[in-house]
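What would the 3D arrangement of this be:
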Amino acid sequence: MSEAKPILAVTMGDPAGTGPELIMKALVLPEVRAVCRPIVVGDAGVLRAAASFTGGTASVRVITDPAQTGESETVDVIDLGNVDLAKLRRGEISAQAGQAAYDCIRRSVELTQAGSTHAVVTSALNKAALHAAGHAFDGHTELLAELCGRPRVTMMLVADKLRVCHVSTHVSLRQAIDRVRPERILAVIELARAGVQELGIADPHVAVAGLNPHAGEGGLFGDEEITYIAPAVAEARARGWRVSGPYAGDTVFFRTLQGEFDCALAMYHDQGHVAAKMLGIWLGVNVTLGLPIIRTSVEHGTDFANAGTGRGDPRSLVAALKLAATMAGNRLRATGSAVRPLSTR
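Numbers count the residues shown, from 1 in each chain. Below you'll find the predicted structure:
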């Protein structure tokens with residue numbers, strides 16, 4: 001295997017959504033094939049049906065070992081055979097679809113932890129379907145953290161030159177404010193630095209946003225910046241890291257996009273997500289930091305309204321594949337790792 005072409009495990013996502021269709025569009029593109037060897041983990045029947053919706057000419061080939069994937073234009077799949085097409089209702093929430101999405105993630109993690117693939121790229125799942133199948137997770141991030149045994153994780157959104165990490169995500173705003181504490185901020189700064197370093201920036205500059213308007217305006221609009229955020233920034237700098245702030249949340253993300261900083265730290269979900277998604281919801285990539293494996297994802301949902309129409313936009317998936325390939329390639333060069341064939345036991 002060429003070092004420049006890592007093998008990526010691509011989850012099928014919720015089979016009732018547009019994920020399978022986006023896969024059939026994205027995985028045959030020359031720009032994707034030039035940087036990676038993608039393998040879908042999912043249901044071959046669902047993918048073949050998706051191909052008929054998109055009007056593409058790519059065929060689906062079932063393989064049993066990631067090492068079998070080659071340079072052809074076929075869409076290779078490790079077939080879990082876990083979807084009854086006769087019962088699948090596209091655009092609808094179901095326990096069958098939630099279980100299938102869960103199975104794809106679990107198997108992809110197993111392959112990557114075993115070294116048979118180099119990264120996981122996830123298609124969208126539906127939280128309600130996941131819950132209906134008995135898996136009570138708020139989303140991919142929490143599920144991956146449990147599967148990998150790594151509770152201390154965070155997400156990084158990547159859109160164009162903007163990279164954003166979050167002190168908190170899927171909690172209420174009241175809980176998010178309570179989580180703005182030096183120990184949590186410092187932990188996320190550390191994860192953010194490591195994540196940006198895997199993108200090839202050796203000594204990244206991390207900018208930290210404030211919680212309050214104008215970063216508190218010296219205590220006029222709240223004292224969280226003085227009491228909690230500034231001490232975390234000071235400790236990070238004492239460790240020799242390039243970290244600055246707190247900066248006003250209404251300007252720090254623009255400044256990061258302009259290249260002044262390599263990554264910005266948001267204090268809560270919408271503060272960071274709005275900034276990233278304004279650049280285009282179909283262009284962003286979600287990266288989970290703190291896992292022992294590389295994981296990137298589309299930055300959109302299952303798009304049930306377009307399921308089965310072939311109209312889904314694959315650009316976010318293409319970006320997620322390219323970013324995973326970059327991160328995996330950098331890690332391979334740093335560690336000298338190689339693909340290990342699947343066990344035949």
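
contacts, neighbours, all on C-alpha from now
Noted.

any chance you could map the strands in the protein?
For the chain, strands defined by DSSP state E occupy the ranges 7-11, 37-42, 60-63, 75-79, 119-122, 154-159, 162-166, 205-209, 242-247, 263-266, 285-289, 295-298.

need these in a markdown table with mean neighbour count and distance to Ala194, can you?
Below are the strands of the chain laid out as a markdown table (neighbours: other Cα atoms under 10 Å; distance: least, Cα to Cα, whole Å):
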| stretch | mean neighbour count | distance to Ala194 |
| --- | --- | --- |
| strand 7-11 | 30 | 21 |
| strand 37-42 | 29 | 25 |
| strand 60-63 | 17 | 34 |
| strand 75-79 | 23 | 31 |
| strand 119-122 | 30 | 16 |
| strand 154-159 | 24 | 11 |
| strand 162-166 | 27 | 12 |
| strand 205-209 | 26 | 11 |
| strand 242-247 | 21 | 12 |
| strand 263-266 | 30 | 11 |
| strand 285-289 | 26 | 8 |
| strand 295-298 | 28 | 14 |
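
List just the one of those that sits closest to Val28.
strand 75-79 (7.3 Å; Cα to Cα).

So for the closest one, mean pLDDT?
On average, the pLDDT along strand 75-79 is 97.

give me the low-pLDDT residue ranges for the stretch 51-200 of the chain?
71 (pLDDT under 70).

circling back to that earlier point, output the strands of the chain in a markdown table; the columns should cover distance to Leu144.
Compiled in a markdown table, those are given as follows (distance: least, Cα to Cα, whole Å):
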| stretch | distance to Leu144 |
| --- | --- |
| strand 7-11 | 13 |
| strand 37-42 | 16 |
| strand 60-63 | 24 |
| strand 75-79 | 20 |
| strand 119-122 | 10 |
| strand 154-159 | 11 |
| strand 162-166 | 17 |
| strand 205-209 | 25 |
| strand 242-247 | 28 |
| strand 263-266 | 21 |
| strand 285-289 | 9 |
| strand 295-298 | 9 |
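
of all the ones you listed, which lies closest to Glu225?
When the strands of the chain are compared (using Cα to Cα), the closest one is strand 242-247, at 6.7 Å.

Might one say that Val287 is in contact with Arg163?
No - Val287 is beyond contact range of Arg163, at 9.9 Å (criterion: Cα atoms under 8 Å).

Find the residues that touch each one of those two.
Met156, Leu157 (Cα atoms under 8 Å, 6 or more residues apart in numbering).

In contact with His269, which residues?
His269 touches His166, Ser168, Thr169, His170, counting by Cα under 8 Å, 6+ apart.

so how far is Ala324 from it?
Between His269 and Ala324 the distance is 23 Å, computed by Cα to Cα, to the nearest Å.

low pLDDT regions in the stretch 201-345 of the chain?
Ranges of the stretch 201-345 of the chain meeting pLDDT under 70: 336-345.

how about the helices in it?
Taking DSSP state H, counting those that start in this stretch as the criterion, the stretch 201-345 of the chain carries its helices at 224, 230-238, 252-257, 269-277, 315-335.

Figure out which of those helices is closest to Asp203.
Asp203 sits nearest to helix 230-238 of all those, at 12.5 Å, using Cα to Cα.

which of the contacts of His269 count as buried?
His166, Ser168, Thr169 (16 or more other Cα atoms under 10 Å).

so who does the closest residue to Ala159 other than its chain neighbours touch?
Closest residue in space to Ala159, ignoring its immediate chain neighbours: Gly284 at 4.5 Å, by Cα to Cα, 6 or more residues apart in numbering. Gly284 makes contacts with Leu157, Val158, Ala159, Asp160, Ala276, Lys277, Val298, Glu299, Ser316, Ala319, Ala320, as judged by Cα under 8 Å, 6+ apart.
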